[in-house]
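Asks: Sequence and predicted structure are below.
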Amino acid sequence: MAKPRASESLIVELERATNSGSPERCVETMRRVTELFLTGADRYSEEQVLLFENVLGLLVERIERRAREELSTQLALVDNAPIRVIRRLAQDDEIAVAEPVLRQSSRLSDSDLIEIARAKSQGHLLAISGRKIINPAVTDVLLDRGNREVIHKLANNAGASFSESGFTTLVLKAGADEHLAETVGLRLDVPSHLFQKLLTQAT
């Protein structure tokens, strides 16, 4: 499949937009490129996705927060979204930009999520805690750095998996938090010896 001609013309327009220094023109170009990508995302080859990645990767550094929020929301559920753009949005200091992809994008690996969970704000951790599937390596970091809101959201997330040490941390925290104890007690995956400890703490 040949590269879309519209994409090639937009690359030329992109160069003009970025050189002009006009944020408005960059936003308009971003919207056109994104619309073109979304229209044929399920048909594009990896080579074509890379073309969009290069274009959007330049634009995302030149657009304002609201435009980055818009881009994050549009790409969050796209299975073959440009991965470097997704990573850039996920690492954005503005949680309104990062949240859609942190919570929904399948393009983020455990390594990506761990790196962000170790370095970013509680808002970023809270967004990760809402993902449909969270592996133990990620929940370990969230439990280590997360505040009460993050811990409670994790405990309530049926798609979150915990390591032995993760469950131990949850049970220990539940000892001083009645609501958390109730939430953890309702999980079906708590190891039996830790469930017994939870009951002992409750009594």
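Replies: Looks like it came in fine.
Asks: how about the spatially most central residue of the chain, what does it touch?
Replies: Against the mean C-alpha coordinate of the chain, by CA atoms, centre = their mean, the closest residue is L102 at 1.2 Å. Applying CB atoms under 8 Å, 6 or more residues apart in numbering to L102 gives the contacts A90, L108, L113, I116, H124, A127, I128, R131. Where you see a C-beta, it was placed from the backbone N, CA and C, and this is true even at glycine.
Asks: residues in contact with the fifth one?
Replies: Spelled out, it's H124. H124 is in contact with I95, A98, E99, L102, I116, A117, counting by CB under 8 Å, 6+ apart.
Asks: again with S192
Replies: So, once contact is read as CB under 8 Å, 6+ apart, S192 ends up touching nothing.
Asks: Would you check how far apart R66 and I95 are?
Replies: 14 Å (CB to CB, to the nearest Å).
Asks: Compare these two and say which is more crowded by neighbours.
Replies: Shown here are R66 and I95; by other CB atoms under 10 Å, I95 has more neighbours (16 against 12).
Asks: In this structure that one contacts I128, no?
Replies: No - between I95 and I128 there is no contact under CB atoms under 8 Å: 11.2 Å.
Asks: ok, so what distance separates the closest residue in space to F52 that isn't next to it in sequence from G57?
Replies: In this structure, F52 finds its nearest non-sequential neighbour in F37, 4.7 Å apart by CB to CB, 6 or more residues apart in numbering. Relative to G57, F37 is positioned 12 Å away (CB to CB).
Asks: Neighbour count for the two, which is higher?
Replies: For the pair F37 and G57, the greater number of neighbours falls to F37 (26 against 15), based on other CB under 10 Å.
Asks: Which secondary structure state is assigned to the more buried one?
Replies: With DSSP: H, G, I helix; E, B strand; the rest coil as the basis, F37 sits in helix.
Asks: ok, it touching L51?
Replies: No - F37 is not in contact with L51 according to CB under 8 Å; the separation is 9.4 Å.
Asks: residues touching V171, list them.
Replies: V184, V190, L194, K197, L198, Q201.
Asks: One more pass at 7 Å, please.
Replies: V184, L194, K197, L198 (CB atoms under 7 Å, 6 or more residues apart in numbering).
Asks: residues near the second one, how many?
Replies: So the one you mean is L194. Neighbours of L194 (other CB under 10 Å): 18.
Asks: Can you name the helix or strand that it falls in?
Replies: Using DSSP states H and E, L194 sits in helix 192-202.
Asks: Now do the buried residues in that helix.
Replies: Within helix 192-202, the residues scored as buried using 16 or more other CB atoms under 10 Å are L194, F195, K197, L198.
Asks: starting at the chain centroid, how far to that helix?
Replies: 33 Å (CA atoms, centre = their mean, to the nearest Å).
Asks: ditto for stretch 126-146
Replies: Taking CA atoms, centre = their mean, the mean C-alpha location of stretch 126-146 is offset from the chain mean by 11 Å.
Asks: Would you map out the domains in the chain?
Replies: Domain assignment for the chain by automatic domain parsing gives 1-108, 121-203.
Asks: Good, wrapping up.
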